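> coords below, sequence missing:
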């Protein structure tokens, strides 16, 4: 199981345009690497849209957002076009990257067990080390703060943590 401070596992997998993206090519930048189960499902769509809506904020923090799922590059391109996404999606069809990041786990649905991707987000620092991890991510949830109920977004939490890690005051 990966922990904060560990070296992020290397990967070289295709994006939605079938261009190979490697972790080593992103060194020197902050990376928000999030793993999700499947394109065009409710939670995965909300997460991708939330990250797309926050792209400018992450750009201001010199961070790149990358989503990873076992879907094919063609499915990713369809997902991007259909939902007007502005993030990079990587295709891990053989699930080796998911496995190396520890997000491929036994899941249960409708009484059957199967190996699937557990929604997980990593922040990787410019040196290539894991700086933060969120496991079993809930994309959005209602939270009660004093007398007010707000909709909490996972992307907002990731952005705030990135600011903290970068000692960013802007």
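Done, it's in. Being a predicted model, the structure only gives us computed values, none of them experimental. Numbering: from 1, shown residues only.
> assumed residue 33 was part of a helix.
No: assigned with DSSP: H, G, I helix; E, B strand; the rest coil, residue 33 falls outside any helix and is strand.
> neighbours of the closest residue in space to it that isn't next to it in sequence, how many?
Closest residue in space to residue 33, ignoring its immediate chain neighbours: residue 122 at 4.6 Å, by Cβ to Cβ, 6 or more residues apart in numbering. In this view, the C-beta of every residue, glycine as well, is placed from N, C-alpha and C. For residue 122, the neighbour count with other Cβ atoms under 10 Å is 25.
> tell me which strands the helix or strand containing residue 122 pairs with, and in which orientation.
Assigned by DSSP states H and E, residue 122 belongs to strand 120-124. Strand 120-124 pairs in its sheet with strand 30-35 (antiparallel), strand 130-134 (antiparallel), by DSSP bridges.
> most packed of those strands?
A comparison of the strands paired with strand 120-124 by mean neighbour count, using mean count of other Cβ atoms under 10 Å, puts strand 30-35 on top with a mean of 23.
> so what touches that strand?
Strand 30-35 is contacted from outside by 8, 23, 47, 51, 58, 61-69, 98, 101, 103, 117-126, 137, 158, 162, 165-166, using Cβ atoms under 8 Å, 6 or more residues apart in numbering.
> for stretch 95-107, same thing?
For stretch 95-107, contacts defined as Cβ under 8 Å, 6+ apart pick out 1-2, 9, 11, 13, 33, 35, 68, 70, 90, 92, 113-118, 120, 122.
> residue 108 versus the spatially most central residue of the chain, what's the distance?
Residue closest to the average C-alpha location in the chain (Cα atoms, centre = their mean): residue 34, at 1.3 Å. Relative to residue 108, residue 34 is positioned 22 Å away (Cβ to Cβ, to the nearest Å).
> many thanks, I have nothing further to ask.
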